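Asker: here is my input; please provide its structure:
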Amino acid sequence: MKTTFVVPDDLEPARRDPAAPAIGEAVPPHNPRCHGCGPDAENGLHLRAVFGENLTATATLVVEPRFEGGPGVIHGGIVSTLFDEMMGLANVHLGVVAVTAVLDVDYARPIPVGTTLRLVGRVLGRQRRKVYSAVEAFDDAAGPDAEPLAAGHGIFVVVDPRAHFAATRP
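Answerer: So this is what the prediction gives:
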C-alpha cells in the first residue's frame with residue numbers, strides 16, 4: 001500500500017493506562033451519541049470494538065447497502081469515518097482524550113456492499129501531545145493472512161476534555 005504519511009523515527013513508546021479496561025473487553029463508547037461508536041446515534045455505525053494486545057482495538061462491520069457510494073461499493077467517506085473511529089478507540093488504551101488532527105486513508109481496492117470488514121486500529125507511539133495511530137481494513141472472509149482492502153494513519157492531539165468541549169456541552 002502506498003502512503004505519503006510519515007511516522008517519525010523518534011516516537012516514544014506508548015504505554016497502556018493501568019485503568020484501561022482489560023485486553024479482550026469491549027472498548028467503551030466515548031460519547032453515547034458518537035456517529036462511530038455511540039449506541040444512541042440513530043443512524044450511526046454502532047462500532048463495538050474489543051481491546052487487543054499491543055495497543056490494538058478490533059471490530060467487525062458488515063458493509064450495508066446504506067453505506068453505498070459508487071454502484072455496489074462502500075462510500076469512501078464511510079471508510080474514513082471507520083478509520084477515524086478505530087484509531088480513536090485504540091487510543092483509549094492510553095487513558096487520555098485525544099482528538100483527530102490528521103487522517104490519511106489509502107484505498108487499495110473497492111469494497112463491495114455485503115463484505116464483512118475486520119478493522120484493526122493500533123497505537124504506534126507518542127510525541128509529546130501527539131498520538132500516532134494506524135488502521136487496516138480486511139475482508140473478514142479472506143482469513144488472517146489477507147491483504148488489507150484499505151489502510152490509514154492518523155495523528156491525534158491529547159486535549160483537556162473540559163476545556164476542549166466546553167463550548168459544545170449542553
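Asker: and for residue 155, nearest residue in space, chain neighbours not counted?
Answerer: Closest residue to residue 155 apart from its sequence neighbours, by CB to CB, 6 or more residues apart in numbering: residue 102 at 4.1 Å. Where you see a C-beta, it was placed from the backbone N, CA and C, and this is true even at glycine.
Asker: pretty sure that neighbour sits against residue 133.
Answerer: No: the pair residue 102 / residue 133 is not scored as a contact, 10.1 Å apart, by CB atoms under 8 Å.
Asker: those two - which one has more neighbours?
Answerer: Using other CB atoms under 10 Å as the criterion, residue 102 and residue 133 rank with residue 133 on top: 29 against 12.
Asker: which helix or strand contains that one?
Answerer: Assessed by DSSP states H and E, residue 133 sits inside strand 130-139.
Asker: which other helices and strands contact the longest strand seen in the chain?
Answerer: The longest strand of the chain (DSSP state E) is strand 116-127. Counting contacts by 3 or more CB pairs under 8 Å, 6 or more residues apart in numbering; DSSP states H and E, strand 116-127 is packed against strand 56-62, helix 76-91, strand 130-139.
Asker: kindly reformat the ones you listed as TSV containing distance to residue 24.
Answerer: Output for the helices and strands packed on strand 116-127, formatted as TSV (distance: least, CB to CB, whole Å):
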stretch	distance to residue 24
strand 56-62	10
helix 76-91	14
strand 130-139	20
